[in-house]
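# task: produce atomic coordinates for the following.
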Amino acid sequence: MERSTVGIAALLAVPVAVIGIAAGGSSPNGHIEVELQDGTLLNCRCLCDRSLKDLRSGEEVLVLRGIEGTDDSVVIGRIGLAADVQEGVSAEVPEEVVLEAGRVLTLRVGDGSITIREDGKILIKGKDLVSHATRMNRIKGGSVQIN
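A predicted model of the protein is given here:
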């Protein structure tokens, strides 16, 4: 089999990651038009990243360049200050979050865990369990056993 170095030479001649300016929002096919510093326009795909969903014209982005003449370039992130990222996160807090599992759902941090089973049993495990209520703290069940 004959080896070709033309593809490698072409790849080495083009910067792998470059900074560009979003020229507009995303197109109906999900691509984003990006203008590079040398004036080149790229029609880029984009990572499935929530932070890019509201990308506006004029914002700086980091682009992973594909082979010239193809639509293989990908916007891999927005460039900005850490303060901008924090503001974006706090603005997107959902009203409700639903986690669903078919059989068992477990939340675990260190030695503590909360497990919910499909039969309705809920297990809370930890070194110490603390319950606080500003109003009534009610324990209700078919039978309640303490110690």
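# which stretches of this protein form strands?
17-26, 32-36, 41-46, 60-64, 74-78, 104-109, 112-117, 122-125 (DSSP state E).
# what's the closest of those strands to residue 54?
With distances scored as CB to CB, the stretch of the strands of the chain nearest to residue 54 is strand 17-26 (8.6 Å). Using the backbone N, CA and C atoms, a C-beta is placed for each residue, glycine as well.
# what's the average pLDDT for that closest one?
Mean pLDDT, computed over strand 17-26, is 69.
# can you list the domain ranges for this protein.
6-80, 100-128 (automatic domain parsing).
# go through the ones you listed and pick out the most buried.
Highest mean neighbour count of those: domain 6-80, a mean of 14 (counted as mean count of other CB atoms under 10 Å).
# so which of the domains of the chain comes closest to residue 94?
Closest to residue 94 of the domains of the chain is domain 6-80 (CB to CB; 11.3 Å).
# just the pLDDT for residue 102.
Residue 102 carries a pLDDT value of 89.
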